[in-house]
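1. Everything below, folded, please.
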Amino acid sequence: MKSQLRGSTRSYPIVGMHFRHQHGVPAKALVARLQMGTRLTVQAEPTNQFDPNAIMVLLRGDDIPEDCLEDLAFEAEPYGFTLDDCRQDTMHIGYIPKELAAILRERGVVPDEGEIEAEFAFGPRGRPLVCLEE
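-> Numbering: from 1, shown residues only. A predicted model of the protein is given here:
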């Protein structure tokens, strides 16, 4: 998949996937099926009760790669959800780590309002990353 980001990019770990579930699909299971270059977005969450600098990592349902839809539908079915439910929603899959989020917010890389385009990647040890233009 070719990168849609145009400028220089930096990669940041995605954390908190263990605590995110949507439509019965654990974020960790979803992230394990993503392809390098899958489009993500990041968004500040200034109302987060634990961290006012929190930055959410989001995946739009229509950006879920076609080849992992069947697996996701299988996982969601026992919880009463369908593939259409997954495709029509934006899934909150995790966060940028707290310390890094504070730096990104301070530098204005992620503003208080609006979404920033990003991409999914795997690090050298298979760790999920979000890539941002800076």
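2. hey, let's count contacts and neighbours off CA atoms from now on
-> OK.
3. quick one, longest strand in the protein?
-> strand 115-122 (DSSP state E).
4. in stretch 99-108, what's buried?
-> Neighbour-count burial for stretch 99-108, counted by 16 or more other C-alpha atoms under 10 Å, picks out 101-102, 104-105.
5. actually stretch 27-47, not the one I typed
-> 27-31, 34-45.
6. returning to that earlier point: export the buried residues of stretch 99-108 as JSON lines, with columns for secondary structure and pLDDT.
-> Shown next, in JSON lines, are the buried residues of stretch 99-108 (DSSP: H, G, I helix; E, B strand; the rest coil; pLDDT from 0 to 100):
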{"residue": "Ala101", "secondary structure": "helix", "pLDDT": "96"}
{"residue": "Ala102", "secondary structure": "helix", "pLDDT": "96"}
{"residue": "Leu104", "secondary structure": "helix", "pLDDT": "95"}
{"residue": "Arg105", "secondary structure": "helix", "pLDDT": "94"}
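7. Stretch 57-70: end-to-end distance?
-> End-to-end distance of stretch 57-70 (C-alpha to C-alpha, to the nearest Å): 23 Å.
8. So which residues make contact with that stretch?
-> For stretch 57-70, contacts defined as C-alpha atoms under 8 Å, 6 or more residues apart in numbering pick out 14, 33-35, 38-43, 83, 86-96, 130.
9. Good, wrapping up.
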